[in-house]
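Asks: What shape does this take:
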Amino acid sequence: MGNFILEKRAYTFNQIKNGQWEETDHYYHQALTFCQLWLKGHDGFEISTSGSTGKPKTILVKRNQMKASASATGAYFKIEQNSSILCCLNTWMIAGKMMLVRGMEWDANVYLLKANSDPLSENWLTFPLDFVAMVPLQVQASINNPISLQKLKQIKNLIIGGAPSGQNLIGSLKQLEINAYQTFGMTETVSHIALASLLKNDLIYETLPGVVIGVDDKDKLWVQGPMSDQKKLQTNDIVEILNDSQFKWLGRADFVINSGGVKVYPETMEEKIQGMVFEYFGATSYFIYGLPDERLGQKVVLVIEGVQKDGFELETFLTSLQKYVNRFHLPKEVFFLPKFEYTASGKTNRLETIKMII
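Replies: Reported below is the predicted structural model:
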């Protein structure tokens, strides 16, 4: 039987099951209450979606789906009993809850702390760790902090989700030889259904055991497996299927831009220009979007969080971008906004942010 380890106290799974914890902090109390329900065999849980592509909604997720997801991830990484894992994601959301479930299903020692930008800087954590899930922001902060970096190197398996990892981050992870994986999934599949190694040259997703994939007539991915309760779930993700268990992600159908008959995949383009955006504007949020245009139907624009710097020349910037993207994909305009809108899970809310412009 495993344990939950907090900064001041540790609890066995049996203690959590029997409600024997002293935490009064609201965050820890809700996390441990969820764990208590799980350990008592509760069969269904209401989970909120992130709202990154539309309005957030609450869905009912069955126990067998979450159990199947944890089992498949454990099999993929060959996680053994009594492993050590870190839960540093928001446990109000599915990603954090699934880390708790994995810990309980794997009989692991689970280090539990509040989600923050640099979780590995906590000096009470014990390393090495067998399995950790983080968002790109947390991984980048760990790389930037020499103390956290030494701990990052002691993580056997690291999965990164919540948002795509940029090329700069991927390059750093390769250089450091961190065994890291980008995740692909959604709330309806209770976390990821596929993983892509960031140590390889191409970002190719490989499905977890038991997952079946395919595409519709518009190249949008569908998935089916035990973590979807064996239901065939149609996604809005445009992919290129490589074989029965592997695919490349191109972007969200919601955001595909048709500019003069040329299809532009914003997420793919954002990845390509990340280095140049960093060079010109520093570490800031940005995204590509399609705005209505009388001649082209839609025009490609770049939206950047921040204030336009003195001396910024659009033409010079666009010339620099041509090294990385097709000229037909170049932004026709660049917009600067002081502050983006974000979802509850910390993702850029493109639909709400773009309303500040149109």
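Asks: Which parts of the stretch 1-150 of the chain are helices?
Replies: 13-17, 26-39, 63-77, 94-105, 136-144, 146-152 (DSSP state H, counting those that start in this stretch).
Asks: Return the most buried member of the ones you listed.
Replies: helix 94-105 (a mean of 24; mean count of other C-beta atoms under 10 Å). C-betas here are computed from N, CA, C, even on glycine.
Asks: tell me the angle that one makes with helix 63-77.
Replies: 80 degrees (axes from the mean of the first three to the mean of the last three C-alpha atoms, to 10 degrees).
Asks: which residues are contacting helix 94-105?
Replies: Helix 94-105 has contacts (C-beta atoms under 8 Å, 6 or more residues apart in numbering) with 2, 4, 13, 31, 34-35, 38-39, 45, 47, 61, 66-67, 69-71, 73-74, 79, 85, 87, 89-91, 108-110, 112, 115, 131, 133, 161-162, 187, 190-191, 345.
Asks: Apply 6 Å and report the result again.
Replies: By C-beta atoms under 6 Å, 6 or more residues apart in numbering, the residues outside helix 94-105 that reach it are 35, 38, 47, 66, 70, 85, 87, 89-91, 110, 133, 187, 191.
Asks: any chance of those in JSON lines, plus distance to L318 and pLDDT?
Replies: Listed next are these as JSON lines, based on distance: C-beta to C-beta, whole Å; pLDDT from 0 to 100:
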{"residue": "C35", "distance to L318": "52", "pLDDT": "98"}
{"residue": "W38", "distance to L318": "52", "pLDDT": "98"}
{"residue": "I47", "distance to L318": "42", "pLDDT": "82"}
{"residue": "M66", "distance to L318": "47", "pLDDT": "96"}
{"residue": "A70", "distance to L318": "47", "pLDDT": "97"}
{"residue": "I85", "distance to L318": "45", "pLDDT": "98"}
{"residue": "C87", "distance to L318": "43", "pLDDT": "98"}
{"residue": "L89", "distance to L318": "37", "pLDDT": "95"}
{"residue": "N90", "distance to L318": "38", "pLDDT": "93"}
{"residue": "T91", "distance to L318": "43", "pLDDT": "94"}
{"residue": "V110", "distance to L318": "49", "pLDDT": "98"}
{"residue": "A133", "distance to L318": "37", "pLDDT": "98"}
{"residue": "T187", "distance to L318": "37", "pLDDT": "79"}
{"residue": "S191", "distance to L318": "39", "pLDDT": "89"}
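Asks: phi, psi of K232?
Replies: For K232, the backbone dihedrals (degrees, to the nearest 10) come out as phi -80, psi 110.
Asks: tell me the contacts of it?
Replies: K232 touches W222, Q224, counting by C-beta under 6 Å, 6+ apart.
Asks: buried sites along stretch 150-168?
Replies: 151-152, 155, 157-167 (16 or more other C-beta atoms under 10 Å).
Asks: Inside strands: which ones of those residues?
Replies: I155, N157, L158, I159, I160 (DSSP state E).
Asks: Can you tell me which of those residues is nearest Q224?
Replies: Set against Q224, the nearest of these by C-beta to C-beta is I159 (21.7 Å).
Asks: circling back to that earlier point, dump the buried residues of stretch 150-168 to TSV, plus pLDDT and distance to P338.
Replies: Shown next, in TSV, are the buried residues of stretch 150-168 (pLDDT from 0 to 100; distance: C-beta to C-beta, whole Å):
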residue	pLDDT	distance to P338
K151	98	35
L152	98	32
I155	98	36
N157	98	39
L158	98	33
I159	98	33
I160	97	28
G161	93	28
G162	86	23
A163	81	21
P164	82	24
S165	86	26
G166	79	22
Q167	77	26
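Asks: that older thread, any idea which of the helices of the stretch 1-150 of the chain gets closest to G210?
Replies: Closest approach to G210 among the helices of the stretch 1-150 of the chain (C-beta to C-beta): helix 63-77, 6.0 Å.
Asks: Show me what the closest one is packed against.
Replies: helix 94-105 (3 or more C-beta pairs under 6 Å, 6 or more residues apart in numbering; DSSP states H and E).
Asks: The helix it packs on: how far from the chain's middle?
Replies: The chain centre lies 15 Å from the centre of helix 94-105; the measure is C-alpha atoms, centre = their mean, to the nearest Å.
Asks: just stretch 247-264 next, same as before
Replies: Worked out by C-alpha atoms, centre = their mean, stretch 247-264 lies 20 Å from the chain centre.
Asks: Pull out the buried residues from it.
Replies: Buried residues in stretch 247-264 (16+ other C-beta under 10 Å): F247, W249, L250, G251, R252, A253, F255, V256, I257, S259, V264.
Asks: ditto for stretch 290-310
Replies: Those would be G290, L291, L296, Q298, K299, V300, V301, L302, V303, I304, E305, for stretch 290-310 by 16+ other C-beta under 10 Å.
Asks: So which residues make contact with that stretch?
Replies: With C-beta under 6 Å, 6+ apart as the test, stretch 290-310 has contacts from 257-260, 264, 281, 284-289, 331-336, 340.
Asks: For H42, the count of nearby residues, please.
Replies: 11 (other C-beta atoms under 10 Å).
Asks: I5 now?
Replies: So I5, with other C-beta under 10 Å, has 19 neighbours.
Asks: CA-only coordinates of the helix or strand bottoming out on mean pLDDT in the chain, as PDB, when you get a sec.
Replies: Lowest mean confidence among the helices and strands of the chain (mean pLDDT, DSSP states H and E): strand 44-48, at a mean of 85. Below are the C-alpha coordinates for strand 44-48, written out as PDB (Å, rounded to 0.1, in the frame of the first residue of the first chain):
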ATOM      1  CA  GLY A  44     -18.100   8.200 -11.200                       C
ATOM      2  CA  PHE A  45     -16.700  11.700 -10.900                       C
ATOM      3  CA  GLU A  46     -17.700  15.000 -12.400                       C
ATOM      4  CA  ILE A  47     -14.800  16.700 -14.200                       C
ATOM      5  CA  SER A  48     -14.600  20.100 -15.800                       C
END
